[in-house]
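**Q** from the sequence below, what's the structure:
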Amino acid sequence: MLILIFTEKRSFRLTVDEALSRLQKSAFRAKFHLSDEDINYIDKKGLDTVKSHAEDFIKKRLAPAVIPNDGKQTPMRGHPVFKAQHACACCCRGCLNKWYHVEKGRELSYDEQRRIVNLLMAWIEREYRSYKNNT
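**A** Here you go, the predicted structure:
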């Protein structure tokens, strides 16, 4: 069981399944789904490559303590990981703070980055399976 714990100041714990369930209750978060293009991209590149991209995006765009364009750094489309970031409220530090109580102004640890990537990949894998089961 994967546990998301993003802060030591609060006793805030969620399993990946609990986080995904909470996110589905948000009309905004629930509207995100993988497109045909996203599915084709995953088919072509594979989930391991998509995960590698997720790790890179999180490290460069979300993990730094200071992000000059925070709130605008994640496109709404163009890569399956971008959709996952919006669906999982991991698109900017403001959303990370609101949904997971991650303090702004500090660099994310490697472990926090790994947990975010695990959440994003769980969402992508669910979406991918759902798409394949319905086509």
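**Q** report pLDDT for the residue sitting furthest away from the middle of the chain.
**A** In the chain, counting by CA atoms, centre = their mean, T135 sits farthest out from the average C-alpha position, at 24.8 Å. Per-residue confidence for T135 comes out at a pLDDT of 76.
**Q** ok, now H79?
**A** pLDDT, H79: 97.
**Q** any idea how far the residue farthest from the centre of the chain is from V50?
**A** T135 is 19 Å from V50, where distance means CB to CB, to the nearest Å. C-beta here means a position set from N, CA and C on the backbone, and glycine is covered the same way.
**Q** how far away from the center of its chain is stretch 72-81?
**A** Stretch 72-81 sits 11 Å away from the centroid of its parent chain (CA atoms, centre = their mean, to the nearest Å).
**Q** list the buried residues of it.
**A** 73-74, 79-81 (16 or more other CB atoms under 10 Å).
**Q** need the distance between the two termini of that stretch.
**A** In stretch 72-81, first residue to last residue: 15 Å (CA to CA, to the nearest Å).
**Q** let's number from 2 now, not from 1
**A** In the new numbering, first residue 2, that becomes stretch 73-82.
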